[in-house]
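Undergrad: Provided below for reference: sequence and predicted model.
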Amino acid sequence: MENNVLIDLKNICVSFGDDQILKSINLYIRDGEFLTLLGPSGCGKTTTLRVIAGFQSPDTGDVVFEGKRINDVPAHKRQVNTIFQRYALFPHLNVYDNIAFGLRIKKEKENVIAERVTEMLSLVNLKGFERRAVSSLSGGQQQRVAIARALAVRPKVLLLDEPLGALDLKLRKDMQVELKKIQQSLGITFIYVTHDQEEALSMSDTIVVMDNGVIQQIGSPTDIYNEPKNAFVADFIGESNIVDGVMLKDCVVEFSGHRFECLDKGFAENEDVDVVVRPEDVDVVATDKGMLKGIVTSVTFKGVHYEIIVDIGGFKWMIQTTDKQDVGDKIGLFIEPDAIHIMKKSEYSGKYGDFSSFSEEFDELSQPDLVAEDSEDEN
Amino acid sequence: MKKHLHKLYGFLIFAFLYAPILVMVVYSFNGIKSRSVFDGFSLQWYQALFDDRLILESFYNSLIVAALSALIATVIGTFAAVGINKMKNRPKQAFLFVNNIPVVNPDIVTAISMMILFVFFLSVTRAMEMGFWTLLIAHVTFNIPYVVLNVLPKLRGMDNNIYDAALDLGCTPIKAFLKVVLPQIMPGIITGVIMSFTLSLDDFIISYFNSGTSFQTLPITIYSMTKKPYSPKINALSTLLFVFVLILMLIVNLRQSQNEKSKNKGGKVQATSPVVKRVIAVALSAVIVVSCAFVLVRLNSTSEIVLNVYNWGEYIDLTVIDRFEEEYGITVNYTTFDQNESMYTKVISGSADYDIVIPSDYMISKMIEEDLLAELDFDNIPNYAYIDDAYKNLEFDPENKYSVPYTWGTTVIMYNDKYVDPEDVADKSINLLWNEKYAGNILMFDNPRDVFGLALKKSGYSMNSLNPDEWAQAAADLQTQKPIISAYVMDQIFDKMISEEAYIAPYYAGDWLIIAEENEHVKCYIPAEGANMFVDSMCVLKSSNNKEAAELFINFMCETEIAVLNAEAIGYATPHSGAMAELDPEITGNEIIYPDKEVLSKTEVFVNLPQDVLTQQSNYWIDLKIESSEE
């Protein structure tokens, strides 16, 4: 393990009654890293965060901070601070007193506090808001106060629990940039919980994809996107067509009744595998030039491209193309070797990557509020 | 048009809610003692209020119990609410259910069950007696659910993460609770305190059963005053209480609306000004200091002799008690009741520990039969010699071993000489109450013993008759009388006679004096057929541990000077020959209050009737009353 490991979670298990929320989580977090816990509601990401913060003690396993086991250190003595989903500002205090709260608990001198609060307010662009009541602020402003309040006590690690979940899209994008900037300028560790894969991809150094209390994959955003370990990750990060295939030998795979060249090696001969093809990596060509042939069943205009669903031998593929197609058109598909990613079979095989029931699935993912609501039940 | 209707509706609701209070406030400044006529502004009832030691003492008791129980219940209730809020759903529902039962439970059930528990516990442990402590525990207990109900919604409405956030920023759990949770739920806590305080202040039933002998709260004192003619002192007291509660509510509401205003404006948070904070802190610590001092005094005062005296409301000159305490160094706990029956219930409940009670004749014979009274040692009561022989050895205590007469009087028949022809009253007969000429303007007592007493005497029978035929005739007579009766009432006789709503009514001689003072046309006579004579006598309970001190007190009450003070304060006749001699001849010369021997010889004292006669009486009474309400 590297030297600059700050937090190390070893075999963490948490259950609420009969529900196993975390099933033996192993994870280390480096100093100064922007790490994101990503997963659908109920996957255990918020619980993991609460274990680190000290609000939840694990049933088994160790929480190690700077080489010391801190399982028994209560929340108020840990050098981590949290940004809560709904900010959790103290409504009876004004902006200044909210930010000064942690410092006053530490019995800092008032002049030190004043200096620090001013510094924090300029960091989050809220100069001049000192005497305002927090209830008079907008959601975005409240979020900034929450960030300033947590950072004022100079934590080594900032834990962020879906901090942007309640903001509208535009504000969310701005705050993503701002948070990343703050993290880089302070150089402290951020552990960020979200169910929004785009947010995770654009901000993180490391992404931890979780489902059902188990870590599915840890890696950089590009690794996670390009080399998903299983059908769950492939589907959760971006859009994926996932089909059953057979690895005939190294760099040759057969699926949908056609033999493809690919770049993957190291599988047994004739091993059953899952094949991932991203919708943007498929070229639409004339039927006679296509490796696969299908009929267009639906077309949606998305601005940058069209999103079309193609029926190939009963399996529905999603393809993103800039050429307009019409429903009922017969088209050919062409796939380059480097567009094909091979995964070992897993418990998730066959559950994802077919777009027959596309619309419902999309609906579910496009309701962040609903998801945010659900994820609270983990606590 | 619609708008006007809305306004009218609103006005009616407010009028309905506040008119009674307004009338009460106005009459508290009335120059005369009347509930119907306002005669000039005066502060005399406030003066009288502050001169009444019993009221002030019980008011003080009520305040102490209310303040202490509100504070304790609020602390316990707040912690309980925090605990309940943290529970999982199912135990939480169970706890809330359990918490809500006392709120919907009838007070009487709570009161009696607590009393039984206390009596049981205290009789086992012999730790102490019913009194301040049991009352305090009872009040704390019934206040807790209300605090929980007020605090819990505030906790539920609070973002749970706020507590976590405080921990996160370095607070210990206790600090996080004090600095963050407490300010959030403070409005609920304040409502809880105020609600507990007012509930405790005006609780009657639970206090009545759990206060034992030595401790009387204001509602109990007021209730015991209702037997006697209603005193406008109560108006003054209620007005003061109303203003007090009004100020409390105003402070709370003003604070709330101020906070909301500053929030809505999006302006600066208005921190409570340091002055207000200091005032609140000082007031709170004052309450706590006074309460603690009070508690300490109570703890220390248990060693000396304490005499528990249980008397009718407004039935003594209260300075007499001070004088007795000063002279003998014995503390007197003076508490009051409104009816013989309620006194009796309390005595036999086991929750009380009285030394001296002052019941009426028939109740005395009942208590002698049940072996509740102690035989008096008359060597310790030399002043017994002053009691006129006419009041000794009466039927209820034939050998006069148990009682020393305190006051007496007769029933009289009152009439208004503006409406009643002189020839109708010439024979001074009970038959006036049956005279159809005055149909609709005749009142009757609203208690069976007095009503049947009159009916029996009308036919020349004994008021203590044991003959079923005589009772049957009395009942039949009452049925024929019923159509001409305007109402069966007790206390209202005062107002109805003064305001000339009714012309004829029976009542007690001492009370006629008060009515005649207000309306000079109301005259009266003692019925020639014979009247009821009632005697209220001082007795010592068999369970008393301070019999000698009790006899000392009785002897003191029979000192001439003291008897004069009491006779003047009460207005009823005194059996004390020494006092008779010293009293204003205008009073002792009054033939109604002090009738001559001949009239007296025809009067009869109630004795306790056998059970079968009582049952019969109550059946006849129910028949009479039920049909009367059908009409």
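TA: Everything's here; your move.
Undergrad: Where is the longest helix in chain A?
TA: helix A:169-186 (DSSP state H).
Undergrad: how about that helix: buried residues?
TA: Judged by neighbour count (16 or more other CB atoms under 10 Å in any protein chain shown), helix A:169-186 contains these buried residues: A:Arg172, A:Met175, A:Gln176, A:Glu178, A:Leu179, A:Lys180, A:Ile182, A:Gln183. For every residue, glycine as well, the C-beta is placed using N, CA and C.
Undergrad: any chance of the residues you listed in JSON lines, with pLDDT too?
TA: As requested, these are exported to JSON lines (pLDDT from 0 to 100):
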{"residue": "A:Arg172", "pLDDT": "87"}
{"residue": "A:Met175", "pLDDT": "88"}
{"residue": "A:Gln176", "pLDDT": "90"}
{"residue": "A:Glu178", "pLDDT": "88"}
{"residue": "A:Leu179", "pLDDT": "89"}
{"residue": "A:Lys180", "pLDDT": "91"}
{"residue": "A:Ile182", "pLDDT": "89"}
{"residue": "A:Gln183", "pLDDT": "91"}
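Undergrad: Okay, strands next: where are they in the stretch 451-600 of chain B?
TA: B:485-488, B:504-508, B:522-525, B:532-540 (DSSP state E, counting those that start in this stretch).
Undergrad: Could you list the domains of chain A?
TA: A:5-226, A:241-351 (automatic domain parsing).
Undergrad: Quick check, A:Ile218 in contact with A:Met210.
TA: No: the criterion here is CB atoms under 8 Å, and A:Ile218 misses it with A:Met210 at 9.7 Å.
Undergrad: ok, the two, which is more surrounded?
TA: A:Met210 (27 against 17; other CB atoms under 10 Å in any protein chain shown).
Undergrad: distance of the residue lying closest to that one once chain neighbours are set aside from A:Gly54?
TA: Closest residue to A:Met210 apart from its sequence neighbours, by CB to CB, 6 or more residues apart in numbering or on different chains: A:Gly39 at 3.8 Å. Applying CB to CB, to the nearest Å, the value for A:Gly39 to A:Gly54 is 22 Å.
Undergrad: Please apply the same query to B:Ile442.
TA: Where A:Gly54 is concerned, B:Ile442 sits at a distance of 84 Å (CB to CB).
Undergrad: again with B:Ser285
TA: In terms of CB to CB, B:Ser285 sits 37 Å off from A:Gly54.
Undergrad: next one: B:Ser618
TA: Taking CB to CB, one finds B:Ser618 at 73 Å from A:Gly54.
Undergrad: what about those two, which has more around it?
TA: Taking other CB under 10 Å, B:Ser618 and A:Gly54 do not tie; A:Gly54 has more neighbours (23 against 11).
Undergrad: Local confidence estimate at A:Asp223?
TA: Confidence at A:Asp223, expressed as pLDDT, is 91.
Undergrad: I meant to write A:Gln143 there.
TA: 89.
Undergrad: next one: the one 10 residues further on
TA: At A:Val153, the predicted lDDT confidence score is 90.
Undergrad: Same check on A:Gln56?
TA: 90.
Undergrad: what about the helix or strand where B:Met195 lies, near chain A?
TA: In the assignment (DSSP states H and E), B:Met195 maps to helix B:182-202. Yes: Helix B:182-202 comes into contact with chain A (CB under 8 Å from any CB of the partner chain), by way of B:Pro183, B:Gln184.
Undergrad: Tell me the helix or strand right after that helix.
TA: That would be, after helix B:182-202 and using DSSP H and E, helix B:205-210.
Undergrad: what packs against the following helix or strand past that next one?
TA: The helix or strand immediately downstream of helix B:205-210 is helix B:218-224, counting by DSSP H and E. In terms of contacts (3 or more CB pairs under 8 Å, 6 or more residues apart in numbering or on different chains; DSSP states H and E), helix B:218-224 is packed against helix B:53-86, helix B:205-210, helix B:233-264, strand B:331-337.
Undergrad: mind exporting the second one as PDB, just the C-alpha atoms?
TA: Okay, so that is helix B:205-210. Only the C-alpha atoms of helix B:205-210 are listed here, as PDB (Å, rounded to 0.1, in the frame of the first residue of the first chain):
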ATOM      1  CA  ILE B 205     -60.000  16.800  40.800                       C
ATOM      2  CA  ILE B 206     -56.500  15.400  40.900                       C
ATOM      3  CA  SER B 207     -55.500  17.900  43.600                       C
ATOM      4  CA  TYR B 208     -58.500  17.200  45.600                       C
ATOM      5  CA  PHE B 209     -57.700  13.500  46.000                       C
ATOM      6  CA  ASN B 210     -54.000  13.700  46.300                       C
END
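Undergrad: That helix - what's its average pLDDT?
TA: 88.
Undergrad: got the contact list for that helix?
TA: B:65, B:107-108, B:110-112, B:114-115, B:118, B:130, B:134-135, B:138-139, B:142, B:217, B:219-220, B:223, B:346, B:349, B:351 (CB atoms under 8 Å, 6 or more residues apart in numbering or on different chains).
Undergrad: one step back: max pairwise distance over the buried residues of helix A:169-186: which two?
TA: A:Arg172 and A:Gln183 (16.3 Å; CB to CB).
Undergrad: Pull out the buried residues from stretch A:312-321.
TA: A:Ile312, A:Phe315, A:Lys316, A:Trp317, A:Met318, A:Ile319, A:Gln320, A:Thr321.
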